Every structure is written in C-alpha cells, then in structure tokens.
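S.K.: 3D, please:
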Amino acid sequence: VVTSEAQVSALLERAAKNRVVAATLCNERSSRSHSVFRLRLAGDNEKTGQSCQGTLNLIDLAGSERLSQSGSAGDRLRETKSINKSLSNLGTVIMALANKDQHIPYRNSKLTYLLQNSLGGNSKTLMFVNVSPQAVSFQETLCSLRFATKVNQCNIGTATKKVVK
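M.R.: Got it, this is the predicted structure:
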C-alpha cells in the first residue's frame, strides 16, 4: 500500500529499471517487454460518507517488429516473437469485443489476461500510439495506425462510478 506521490514515483522508477531494452536493426533502444503498472485508488468523501475505488492501469506496449527487418537472433528473436504474439492476441481480443462475440479470448496471453478488466466491462480506455515520421518506418507506422483504428472502432460500453456507502 502506498500513500504518497513519492512512493508511487519510487515504484515507477523501480519498474523502469526492470524493463529490458536492447538494440535491434529497427531501433537502437527497443523495449523488449510490455510494461504494466497498476494503481488501485480509494477515496473517501467526508461530507457524504461515500467511498470510491478504482484501478488505474498504465500500460506501455512494446512495439511490434518485422523479424526480417529487426535482425533479431537468440534472445532478441524470442522476445520479438513473444511481443508480436501478445500484440496479435490483443488485436484478437479487441476485435472480439467490437464484434460482441460471446467468447472473448482474454486467456490467450498474459497481457490480455492482465488487461481483462480494462478492456471489457466497467472501464475507460485511452490509447496513445507513437509513430515514426521516417520514410523507412512507413510500414510499421501504417501497421500501428491500423491497430489504433481497430481499437478506436471498439465500443466497450460506458464506465460507471463505483460508490460504497
């Protein structure tokens, strides 16, 4: 349990140190894993006696890379395959949500399982996509924008406030 901004900052710094970054032919500082930071918040309104609680998930997804362009081998190759597979599973979950499928395959990856409460149900999701202005990155930028378009077309409903009396 953290009770101050300084404690949250310390946790974020620790997480940043644990994040693996390595060079590939596509990117000299490439994240080799996704980063998920989950902050559970609770608040009390002293005037009304009501309590609210919620969870803020900050997720930094490692970008996909084309194996043929990244020059990955050994550990980098396994990381690239794993990143691409989890992003593909995320896309599958988002499409299942958009199509209102009866079965949403959250358990297909650790990432989608972790994000289950953020993607479906009582939640709000905001996504930022980083793209490169360089011509050599055109295909990756296009893939990222297509993924963002797919996410943007998904309506998961309206979040409601959780109030405990």
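
S.K.: Please count neighbours and contacts with C-alpha atoms only from this point.
M.R.: OK.

S.K.: residue ranges for the helices of the chain, please.
M.R.: Here the chain has its helices, by DSSP state H, at 5-18, 67-70, 75-98, 110-114, 116-119, 138-152.

S.K.: Residues in contact with the last one: which ones?
M.R.: Yep, that's helix 138-152 we're talking about. Contacts with helix 138-152, where a contact means C-alpha atoms under 8 Å, 6 or more residues apart in numbering, come from 64-65, 91, 94-95, 127, 129-132.

S.K.: which residues of the chain score low on pLDDT?
M.R.: The chain contains residues with pLDDT under 70 at 22-32, 64-68, 70, 121, 157, 162-165.

S.K.: any idea which residue sits dead centre in it?
M.R.: Nearest to the geometric centre of the chain sits residue 59, at 3.8 Å (C-alpha atoms, centre = their mean).

S.K.: ok, it - contacts?
M.R.: Neighbouring residues of residue 59 by C-alpha under 8 Å, 6+ apart: 34-37.

S.K.: how many neighbours does the nearest residue to residue 110 once chain neighbours are set aside have?
M.R.: Of all residues not flanking residue 110 in the chain, residue 86 sits nearest, at 7.8 Å (C-alpha to C-alpha, 6 or more residues apart in numbering). Residue 86: 20 surrounding residues under other C-alpha atoms under 10 Å.

S.K.: Residue 86 touches residue 107, doesn't it?
M.R.: No. Taking contacts as C-alpha atoms under 8 Å, residue 86 lies outside contact range of residue 107: 10.9 Å.

S.K.: Could you measure from the residue nearest to the centre of the chain over to residue 72?
M.R.: Separation of residue 59 from residue 72 (C-alpha to C-alpha, to the nearest Å) stands at 24 Å.
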